[in-house]
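Asks: quick one, structure for this:
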Amino acid sequence: MTKRDIFSELTEGFEDLAAERVGKLTLNESSGVTPSTWVDPDDAPDMSEANLEHAVWRIGERVVTREEGAAALRAAVTRGRPVGTTKPSAKQAVTVRDSPEVLAAFKATGGGWQAHMNDALRDWLRTHKPV
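Replies: Got it, this is the predicted structure:
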């Protein structure tokens, strides 16, 4: 059994690819993006108070005041659903601690075990009054 020289094979493969590409446009050349026209977004200036004093605030193409722009920015980064858009009957996320036996029994029912647990608690409420 002869030992393969993987490095030589790879080098030959790269040389063959380079020879094939001679005269062909690369992705950057065909898209018009070249190292001289591309701007790295990480090269943006720092967001200091001095820079913000001279900033032109825009919403879309419309120029707005600094206060209006700041209010729109705060509204855009607010997490969750807008107030009043959820149904009153929507389920709520909670953290509950249950015994391992209870969890194992419900998880054994397969997918949707949380819904099964919710149904069991709803059934219990029909016949019992919470303390």
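Asks: packing partners of the strand or helix carrying A105?
Replies: Assessed by DSSP states H and E, A105 sits inside helix 100-107. Judged by 3 or more C-beta pairs under 8 Å, 6 or more residues apart in numbering; DSSP states H and E, the packing partners of helix 100-107 are helix 113-127. To be clear about C-beta, it is placed using only N, CA and C from the backbone, and glycine gets the same treatment.
Asks: hey, what's the angle from the helix it packs on to helix 100-107? Just curious.
Replies: Angle, helix 113-127 to helix 100-107, by axes from the mean of the first three to the mean of the last three C-alpha atoms, to 10 degrees: 110 degrees.
Asks: tell me where the protein has helices.
Replies: Shown for the chain, the helices assigned by DSSP state H span residues 6-21, 27-31, 49-53, 66-76, 100-107, 113-127.
Asks: for those helices, which one sits closest to P88?
Replies: Nearest of those to P88, taken as C-beta to C-beta: helix 113-127 at 16.2 Å.
Asks: thanks a lot, see you next time.
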